[in-house]
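Engineer: Starting from these lines, generate the structure:
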Amino acid sequence: MTPNQQYPEWEDPRGRNVPAPQGWGRNSEDDEFIDRIAKSGLDDSAPTEQFPVQPRREPAPQPPQHSDWNDPNWTSPDWNDTVWAEGVGEVVDKRLLEGPRWSQLTHASFGAPVGNGWGFGPSYDAWEGDVKFAQRYVRGSIQAEDVNDFLSEEQIEQLPVRFEYIPVEEKGLFLHSKPAGSDSTGRKGNTFTHAYIDHDTTEPSQLRYPVLAYGSPDFKTPFGSADVNSIELSHDDDGPNAGAFDLQWAWIVVRQMMAAEGVIYAVQDALEAGQLPVILTKTSVEATAWIMVLSCTMSVKEARSLLRFSTFERATSFEVRSFAAEVGRTVLAAPLDDDQAFRAITGVTVIDPRSGYRDYQPHSRWAQQTKLAITHFDPGGDGDVEALLDALDEVNTPDLGTLRLGAAMRLLHIDEPGTDEPGAGGFSDSGF
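Structural biologist: Below is the predicted model:
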């Protein structure tokens with residue numbers, strides 16, 4: 001089966017065609033947030049022939065075997081450009097190991113000339129291994145309200161966005177998925193996914209935290225079969241840029257507009273207990289604010305290498321096993337309408353920011369330290385988010401093999417209010 005083979009059904013048997021709540025996505029409430037702030041200062045096969053996955057580098061000639069010594073057609077590679085590959089056990093071209101930092105893939109129900117149904121489409125700086133990696137996580141249709149091909153630009157803007165980040169070893173997968181109307185056969189339910197793959201999350205990036213890419217203009221969002229089938233990718237070698245929402249905005253939303261930083265403590269406690277927290281939100285923009293603030297309680301290394309998240313999940317198509325490998329380091333968001341349905345699912349912890357979290361008392365070391373840090377640095381209030389981030393940057397966290405979420409915050413030394421000692425006079429070297 002090719003990755004472009006047409007799926008037999010659009011609708012997921014568990015209800016993938018269930019409509020999303022009205023206004024899911026950026027809507028008037030989100031615009032009001034922004035205005036108020038402004039005023040206040042799977043498949044393992046190759047992709048289509050028309051748009052092949054571009055090999056990241058041409059393979060080097062193989063060293064001769066005994067039978068090749070006298071082969072006049074064999075030519076030696078430039079050994080200055082080769083290296084002994086420890087895990088491979090042979091000499092390979094350096095370019096095969098290095099390759100580009102970023103790759104791009106697209107996935108949708110494509111028509112001619114791209115494909116004939118669901119599968120991968122145009123790509124940039126990607127190779128077969130990238131397709132196999134992305135196939136493990138790319139999903140089909142987003143459960144959205146009835147989407148027709150005559151929506152206004154404003155209505156298209158309000159459609160739900162499932163923005164995901166999935167770190168695996170030293171790679172990071174960004175998935176930006178949005179309904180795209182009908183496909184070229186006229187069937188409803190098409191969803192366009194634009195994927196970026198970061199091949200080395202340990203190297204510096206233009207994004208401090210992956211969630212900052214939410215709403216980035218670098219993510220393509222075609223609507224309608226004509227736009228989907230003619231999509232072209234930019235030759236982007238630096239990964240997605242940041243979107244319109246920044247960390248200061250997120251803290252204002254959480255601390256001033258929602259007045260519920262206790263939600264962050266509850267999420268941290270759930271993660272510390274090895275649970276799978278699901279935050280109920282009105283929009284994916286609100287979901288992004290919670291994930292941004294949560295990210296600010298981690299080091300850059302933790303957020304890039306460990307934290308998996310999604311801004312839009314539905315209970316009717318949700319499978320806990322899809323997140324089993326990352327339980328304890330995954331945060332999900334879902335519509336308020338899915339409250340009871342998610343509570344009926346074994347293995348998730350539902351957190352409703354509108355219900356009883358304003359006075360929530362943290363239990364875990366990570367959450368307790370976060371509360372002290374918020375009191376001391378006052379991000380989203382009179383304080384500066386950057387001061388908190390700078391303090392976390394100074395903490396020497398463990399190597400990736402032993403790293404866990406909240407490591408930097410646990411090691412951050414902040415004295416409780418009312419003591420005579422300086423508020424942030426140093427960093428703890430114990431208690432990880």
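Engineer: What helices and strands are in contact with the helix or strand hosting Arg410?
Structural biologist: Per DSSP states H and E, Arg410 falls inside helix 407-411. Counting by 3 or more C-beta pairs under 8 Å, 6 or more residues apart in numbering; DSSP states H and E, the packing neighbours recorded for helix 407-411 are helix 365-377. Using the backbone N, CA and C atoms, a C-beta is placed for each residue, glycine as well.
Engineer: Apply 10 Å and report the result again.
Structural biologist: helix 300-305, helix 365-377, helix 385-393 (3 or more C-beta pairs under 10 Å, 6 or more residues apart in numbering; DSSP states H and E).
Engineer: and of those helices, who's closest to Phe192?
Structural biologist: helix 300-305 (25.3 Å; C-beta to C-beta).
Engineer: from the middle of its chain, how far away would the helix or strand encompassing Val263 be?
Structural biologist: Under the criterion of DSSP H and E, Val263 resides in helix 262-272. How far helix 262-272 lies from its chain's middle: 19 Å, per C-alpha atoms, centre = their mean, to the nearest Å.
Engineer: Output the contacting helices and strands for it.
Structural biologist: So helix 262-272, by 3+ C-beta pairs under 10 Å, 6+ apart, packs with strand 277-281, helix 284-295, strand 330-335, strand 349-351, helix 365-377.
Engineer: For Asp384, give me the pLDDT.
Structural biologist: With respect to pLDDT, Asp384 scores 86.
Engineer: same thing with Thr375?
Structural biologist: Value listed for Thr375 in the pLDDT field: 94.
Engineer: How about Thr281?
Structural biologist: In this model, Thr281 is scored at 97, pLDDT.
Engineer: Could you check how far the residue lying closest to it once chain neighbours are set aside is from Val254?
Structural biologist: Spatial nearest neighbour of Thr281, excluding adjacent residues (C-beta to C-beta, 6 or more residues apart in numbering): Ala287 at 4.4 Å. Using C-beta to C-beta, to the nearest Å, one obtains 12 Å as the distance from Ala287 to Val254.
Engineer: isn't Ala195 right next to Ala108, touching?
Structural biologist: No - at 11.3 Å, Ala195 does not count as touching Ala108 under the criterion of C-beta atoms under 10 Å.
Engineer: What's the local residue count around Glu286?
Structural biologist: A total of 24 residues lie near Glu286 under the criterion other C-beta atoms under 10 Å.
Engineer: Same question for Glu232.
Structural biologist: 10.
Engineer: Ala391 too?
Structural biologist: A count of nearby residues for Ala391, using other C-beta under 10 Å, gives 19.
Engineer: Pretty sure it sits against Ala373.
Structural biologist: Yes - assessed by C-beta under 10 Å, Ala391 is found in contact with Ala373 at 7.7 Å.
Engineer: Show the end-to-end separation of stretch 149-157, please.
Structural biologist: 14 Å (C-alpha to C-alpha, to the nearest Å).
Engineer: any weak-confidence spans in the stretch 151-300 of the chain?
Structural biologist: For the stretch 151-300 of the chain, applying pLDDT under 70 flags no range at all.
Engineer: Could you verify my assumption that Thr191 touches Ser182?
Structural biologist: No - applying C-beta under 10 Å as the test, Thr191 and Ser182 come out as separate, 11.4 Å apart.
Engineer: All good on my end, thank you.
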